[in-house]
Every structure is written in structure tokens, then in C-alpha cells.
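S.K.: Build me a model from this:
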Amino acid sequence: MLTNNREFLEAVIKVCIEGKEKRSVIPVGVSNHHIHLNREDMDTLFGKESELTFYKPLSQEGYFAAKETLIVVGPKGDVERVRLLGPLRNHTQVELLRSDERILGVRLEDRHSGQLNKTAPVTLVGPCGTVVNNTGVLVALRHIHMNYADAALFGLKDGDTVKVRTYGDRKLEFDNVLIRLGDFDTEFHLDTDEANAANLRSGDKVKIVLNEKGD
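M.R.: Sure, this is the predicted structure:
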């Protein structure tokens, strides 16, 4: 009986290890610069009670790219056709690329989504008006949207960080990748600047590497 129990436990451990190894390989979602608007700014830029027009779904259920775009204007220049993502949010957030800095003439901060402290101002130009934003302009830090089942499997909680290892000829390892828990499909998100450095496209696979104690 003891042997049977031992064999059963060993089988369970093997299944857990294999499951963990399998789930550690996750898809990539690459984001270009984009904008999330609140209701007030949507009204100013596109007209009162205007709505976003569905263009295509994003990888996470309930989120979509809209047909509408804006011009982002800085002290030095502007970036045209920056796409809006839906649905509308409580706060407007302008997620740009490090490479946009030279065009706009602003210094952008690396931040996690939702950090709305004072930032370098940019002007958003729409068909019906303009909005100056100086609280939500940022370069979004890379992160993993993770569901609760996968988090339990890896022993992770919201706000933890891991490493992500890529494959291929330009393989590299990304440190300090934030875990964001929710009702998500587990996916690694990064912007096009970082994706280009590793030759990554949306749908490619990467591997989660848990931090060693002391990292």
C-alpha cells in the first residue's frame, strides 16, 4: 500500500511539473502606440455622446481596436493616426513608444498602466476639438496578463515580477516583467520597440522564467 501511495504521489508530482512546464510557454501580444479615452475627452474630441466604432477585437475578451484615431502633438512635432482602443475608461491614457520621443520632443516616463501622476504634456487632436493631457502620457512597461489558475500554478500574485525568455536567432531575456492578475487569457504584452529588438510578433511564444530567491 505504501508503494502504491508513493507511486501515486510521484505520478501527481510528475503531472504538476509537466503542466507547469507546458503553461510556462505563453503567447505574445505586441502593442503599437495607442490611446484610451474617458467619456469627457471622447465628447470633446469627437462630439457629445459619440461612441467608438468597432474595428477589430484584441486578444483579451471585451477589448477592441476602434476605427477612430487621433493626432498626438508635442513641442517638436506630431504623430498621426494613433489608434483608440475600447471600451472607454475612467481616465484617459496615452501609451506611446520610446521612439516617439524624438518626433514629439518630449521625455516620456516608463510606467505601468494606470499610474496617472503628472507627465510631460501632449495635445490630442480630434475632428471636433483638442485635449491637453499631462497626467497619463507614458511608455507602458512590459507585463503579463495572467489568469488566476495559472498564477496559482506558478505560485504568483498580482504585482510579482518574473523573467520572460524569447526564442529564435535574436533571443533575449526580459527582466522585471510585472504580473497583472484578472480574468485574462495569459499573455505577455510589450510594445513594438521592444518586440522589434527580439524579432517578436503577436502570437509568437515566449517562456516564463520564475525569479530565483534573492533576484
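S.K.: Tell me, how many residues neighbour residue 121?
M.R.: 14 (other Cβ atoms under 10 Å). C-betas here are computed from N, CA, C, even on glycine.
S.K.: Give the full set of residues in contact with it.
M.R.: 106, 132, 133, 134, 137 (Cβ atoms under 8 Å, 6 or more residues apart in numbering).
S.K.: Please tell me how far it sits from residue 45.
M.R.: To residue 45, residue 121 is 16 Å away according to Cβ to Cβ, to the nearest Å.
S.K.: Then residue 144?
M.R.: Counting by Cβ to Cβ - residue 144 and residue 45 are separated by 32 Å.
S.K.: Which one's more surrounded, the two?
M.R.: Neighbour tally, residue 144 and residue 45, criterion other Cβ under 10 Å: the higher count belongs to residue 144, 26 against 22.
S.K.: Can you list the strands that the helix or strand encompassing the more buried one pairs with?
M.R.: Element membership for residue 144, per DSSP states H and E: strand 143-146. Using DSSP bridges, the strands paired with strand 143-146 are strand 173-181 (parallel), strand 187-191 (antiparallel).
S.K.: Can you list the buried residues in the next helix or strand after it?
M.R.: Using DSSP H and E, the next helix or strand after strand 143-146 towards the C-terminus is helix 148-154. Using 16 or more other Cβ atoms under 10 Å as the test for burial, helix 148-154 gives 150, 151, 153, 154.
S.K.: Reformat those as TSV; add pLDDT and distance to residue 76.
M.R.: Shown next, in TSV, are the buried residues of helix 148-154 (pLDDT from 0 to 100; distance: Cβ to Cβ, whole Å):
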residue	pLDDT	distance to residue 76
150	93	43
151	92	42
153	90	47
154	90	44
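S.K.: Taking these, tell me the two that lie furthest apart.
M.R.: Maximum pairwise distance among those (Cβ to Cβ): 7.2 Å, between 151 and 153.
S.K.: residue contacts, residue 61?
M.R.: Residue 61 sits in contact with residue 185, where contact means Cβ under 8 Å, 6+ apart.
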